[in-house]
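>>> Have a look at this fold, sequence not included:
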């Protein structure tokens, strides 16, 4: 019996190192900063300055790069900031919101298995 393809992506990306879905997800999300940006978006942060002020201290050049990568991958989108003007904010797309269970699972794993961790911010619903 042929294997069923379980993907919403009919066309493979030529830049991928392999068709493995774990490898592809890690190519986008597997560095030490990207999921922290997603976490902050899930917690209601939306501005560059909000992400830059997170306790992990992401350098601004790396933050700019990660936001660009998430935009290009359609995980986030830009929108005008609430206070107007030329400032922009970011929000998760449907694809980005779908990361919520994974971020929650990583948080829960860290709370259970990594001594001294705590979730000081609102839980990721």
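In hand now; what should we look at? All of these numbers come straight from a predicted model, not from anything done at the bench.

>>> how close does the most centrally placed residue in the chain get to residue 116?
The centre of the chain sits closest to residue 38, judged by C-alpha atoms, centre = their mean, with a distance of 3.1 Å. Distance, residue 38 to residue 116, by C-beta to C-beta, to the nearest Å: 23 Å. Every C-beta, even on glycine, is put in place using the N, C-alpha and C of the backbone.

>>> Count the neighbours of residue 99 for me.
Residues contacting residue 99 under the criterion other C-beta atoms under 10 Å number 21.

>>> Assess the claim that it and residue 76 are in contact.
No: assessed by C-beta atoms under 8 Å, residue 99 is found out of contact with residue 76, at 10.4 Å.

>>> got any residues that touch both of these two?
When C-beta atoms under 8 Å, 6 or more residues apart in numbering defines a contact, the residues bordering residue 99 and residue 76 alike are residue 92.

>>> end-to-end on stretch 43-50?
Chord length of stretch 43-50, first to last residue, is 11 Å (C-alpha to C-alpha, to the nearest Å).
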